[in-house]
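Engineer: predicted structure and sequence below. I'll ask about it afterward.
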Amino acid sequence: MADLSSEFLGIKSPNPFWLASAPPTDKAYNVNRAFEAGWGGAVWKTLGEDPPVVNVNGPRYATNFGNDRRVIGFNNIELITDRPLSVNLEEMRQIKRDWPDRALVASVMLPMEEDVWARLVPMIEDTGADAFELNFGCPHGMSERGMGAAVGQVPEYIQMAAEWCKKYASIPVIVKLTPNVTSILPPARAAKAAGADGVSLINTINSIMRVDYDSLTMYPSTDGMGSHGGYCGPGAKPIALHMIAEIARTVDTADIPISGIGGITDWRDAVDHLALGAQNVQICTAVMVYGFKIIDDLTDGLSNFLDEKGMTRVSDLVGVAVPSVTDWQYLNLNHIEKASIDQNLCIACGRCHVVCEDVSHQAITHTIDGERKFEVIDEECVGCNLCASICPVDGCITMQAMTSGTDPRTGKAIVSEKADWTTHPNNPMRVK
Amino acid sequence: MQADIRTGRLSAAEIEANFSDMHAPLKRAEALVEADRCYFCFDAPCTTACPTDINIPGFIQKIRSNNIKGSAYTILSENIMGGMCSRVCPTEVLCEEVCVRTTLEGQPVRIGLLQRYATDSIIADKLQLFERGLASGKRVAVVGGGPASLSCAHRLATLGHQVTVLNSAGKLGGLNEYGIAAYKTVNNFAQSEVDYILDIGGIDVRNGQSLGTDFSLADLREEYDAVFLGFGLGGVNELRLENDRAEGIVDAVEYIASLRQADSKIELPVGRHVLVIGGGMTAIDVAVQSKQLGAEDVTIVYRRGPDQMGASEFEQNFAQTSGVRIRHWLAPASLKMDGERVSGVRFDYTRLDESGKLQTTGDSCEMDADIVFKAIGQQVLWDSLGDTGESLKVIHGRISANDDRKTSLSDVWAGGDCILGGEDLTVAAVQDGKVAAMGIDRFLRATE
């Protein structure tokens, strides 16, 4: 059986699954329950300077539901911990004492004044925490006070605060990045320049869930008014994966250790994060929806997967998919694929036909010899994958690469040499 | 032996439980999950299978988005009796049989229950989705009060024609009111639906008016611009055996009607040992309801096999799980008499010969009964309809009508069970009425 034990920035944990800094890690009570359930580590709910913040007494959370009220996405306007610093530090100290084999990370969000960092960083480190995580991501409330995402959106501020933390801390410093930027690379570079030991991403995405169809105000609202919150959950995963892969595949950021966060619900989501460059993962929404017991599937599923792949430890998986991520201009334009419909699996719903007909390339039949039948017309198929993407039957429509002969759509011969946009005759900027 | 027929075999509470809704309606959460199972097929097989062409994926999608009013309109604009059809349609041989989910996992989307979900609140809340068309000045007579006639009348009203419904019964609804098993249409739904249909306005109803007695077809053709005939089947086929009108031989259609109209089902007389001769829906309905009224044993006897029964497999299973026994390949040969009363039936065993013809095998058996229900099909009672039968083309005892449901007469249309090819289904009758109304509309506008 594969070894799930994990090491991130030298911090050991029995598995790579940490609870992200969020409501599930707000108190010793919760963290104790999480560790009893088997979680590898916890990033404590973000600490701040006393006096503590106050939260609204109206709704903090809202959900983007599927029809069966399955949670597709989630958002929140909860602030950092609203308990006194001393209470949190005391509980953290006890937790670390009770669970020495688990990772305990102190998330912090402090004003942009060096003396505050000088005063509080050593005090927090004294709890026995394994690392700091700098919350530069929180997109609501705290950002309006010049902290959280307000810092994370300005690389210079990231660097400044991270340098202060490094200066007064002797344990590793992780910079948590906000996705509310046009490119994730400048913030990652700022963290590296400050000497931070690693980055974690993504924090939540600016969002408004919906309107209330009765009152026609935004939903949720507190006394008739609402404020944008941070979006997370399964719907956020693709955005996280992109940003992680960008850091992992860019030459000057590729060496930054990454803790992956964003939309992880089951072990397959974790495989995505790990294969695209994260060394471990952090999870919040899934436990907010299902509770701590999901750790069973996360660990068990990942372990079985590693066994299946012949991998013996988690690090074998880290970054394996990164080399497959590139810029569009380098994609092989000579590679030809056609959709193929397995008639034995086809249930004849015709969705592939209607979407191809309405929005794509009119490349799927609906009737053959008077019978309801859906088949790909290779002469028209551009290999776009739309039909396979929306087919309700798993494995019914697959994309098949053509390796020889001619593409019936273009009449051009299939060639094994690669050719991309950089040399394409239609590209005015082509390499000549 | 004294025939054991009496009232009150079960307590009122037992009877109420036995006659409660056959399928509980879907709750909102169930409806959303079920609606989510629909794949929104291209050229959906379910819609093709629906005799009234309801855009089924369309109405299901509207349930998903909580657009119940829009969903109900999608249904009712094609089938104004979509509420009743959601209760009585044999969906397992229509829309649900061809659902692609059946191919995928053997479990179709429960279209009937979703259709009921979409229409129930609209009918209950009397939310009128239709309006009477701009007055055309034309008048149409509709003969009959069943699904075909009401569907025709409603569509004619939406098209602006003034409609007079001439109905021989005391209430509108036809078999919806008098024929369908009580547990399929609880809480007087048939009348709620009739009220909803009439609410559009422009439909004048005259109950207790019989063709051939109170007026003739010629009168109607004289007085109105067009006529629709939807008088159904008035007569029940006879057993054609000696003593087949004796005491104890009961017309199943009549018994079901009395059951539907009874204020208190506990007062209905029920036999202890019941035989039902026939293999269609009427046979199932009378058998199951007899059982649910407290009959000790109920046996349906059919002269052919399960595949030839008019009742669907689902209905046969339903009867059997309700405690009804079904015997096949037995044809009634003679009636056993106890004085003036029937006391049982002697059956000949049957089989199909090589050419597929039904033959008796030479063996026979006897079954005792306190009541023998005849449910072996119905026919048009031409004798009671005056000269109607002579004035238009009739084939095999039914009115001949073309694709527009037009009869051999230029201003007379017909639909429902009384026409040749009538399918003995509410949904088919509704389609007949709708198609006929559109044909009548074209005719009336062409003659303006």
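Structural biologist: That came through fine.
Engineer: pull the contacting residues for the nearest residue to residue B:248 once chain neighbours are set aside.
Structural biologist: Distances taken as C-beta to C-beta, 6 or more residues apart in numbering or on different chains put residue B:342 closest to residue B:248, at 3.7 Å, once the chain neighbours are dropped. Placement of C-beta: from N, CA and C, glycine included. Taking C-beta atoms under 8 Å, 6 or more residues apart in numbering or on different chains as the criterion, residue B:342 is in contact with B:243, B:246-249, B:335-336, B:369, B:372.
Engineer: over to residue B:342: give its phi and psi.
Structural biologist: In terms of degrees, to the nearest 10, the main-chain angles of residue B:342 are phi -80, psi 140.
Engineer: specify the beta-bridge partners of it.
Structural biologist: Bridge pairing for residue B:342 (DSSP bridges) gives the partners residue B:337.
Engineer: hang on, the earlier thing: nearest to residue A:83, of the contacts of residue B:342?
Structural biologist: Distances from residue A:83 to the contacts of residue B:342, taken as C-beta to C-beta, are shortest for residue B:369 (81.4 Å).
Engineer: gap between the closest one and residue B:349?
Structural biologist: Plainly put, residue B:369 is 18 Å away from residue B:349 if you go by C-beta to C-beta, to the nearest Å.
Engineer: out of these two, which sits in the busier spot?
Structural biologist: Each of residue B:369 and residue B:349 has its neighbours counted (other C-beta atoms under 10 Å in any protein chain shown); residue B:369 has more, 27 against 16.
Engineer: distance of that one relative to chain A?
Structural biologist: Noted for residue B:369: a distance of 48 Å to chain A, by C-beta to the nearest C-beta, to the nearest Å.
Engineer: not counting sequence-adjacent ones, nearest residue to that residue?
Structural biologist: Closest to residue B:369 by C-beta to C-beta, 6+ apart is residue B:275, at 4.1 Å.
Engineer: tell me the SS of the one you found?
Structural biologist: strand (DSSP: H, G, I helix; E, B strand; the rest coil).
Engineer: so it makes contact with residue B:367?
Structural biologist: Yes: here residue B:275 reaches residue B:367: they are 5.9 Å apart, a contact under C-beta atoms under 8 Å.
Engineer: identify the contacts common to those two.
Structural biologist: B:299, B:301, B:344-345.
Engineer: hey, which helix or strand in chain A has the poorest pLDDT?
Structural biologist: None of the helices or strands of chain A scores lower by mean pLDDT, DSSP states H and E than helix A:149-152, at a mean of 86.
Engineer: just the pLDDT for the closest residue to chain B within the stretch 51-200 of chain A.
Structural biologist: Residue nearest to chain B within the stretch 51-200 of chain A (C-beta to the nearest C-beta): residue A:67, separated by 4.1 Å. pLDDT, residue A:67: 78.
Engineer: so what's it up against?
Structural biologist: B:32-33, B:35-36, B:64.
Engineer: residue contacts, residue B:94?
Structural biologist: Contacts of residue B:94 (C-beta under 8 Å, 6+ apart): B:49-51, B:427.
Engineer: before we move on, what about residue B:405?
Structural biologist: Residue B:405 neighbours (C-beta under 8 Å, 6+ apart): B:413-415, B:419, B:432, B:435-436, B:439.
Engineer: and the furthest pair within those residues?
Structural biologist: Top of the distance list for the contacts of residue B:405 (C-beta to C-beta): B:419 and B:439, 13.1 Å.
Engineer: of those two, which one has the most company?
Structural biologist: Using other C-beta under 10 Å as the criterion, residue B:419 and residue B:439 rank with residue B:419 on top: 25 against 20.
Engineer: can you give me the distance of that one to chain A?
Structural biologist: Separation of residue B:419 from chain A (C-beta to the nearest C-beta): 29 Å.
Engineer: that residue bridge partners, please.
Structural biologist: The partner residues for residue B:419, given DSSP bridges, come to residue B:399.
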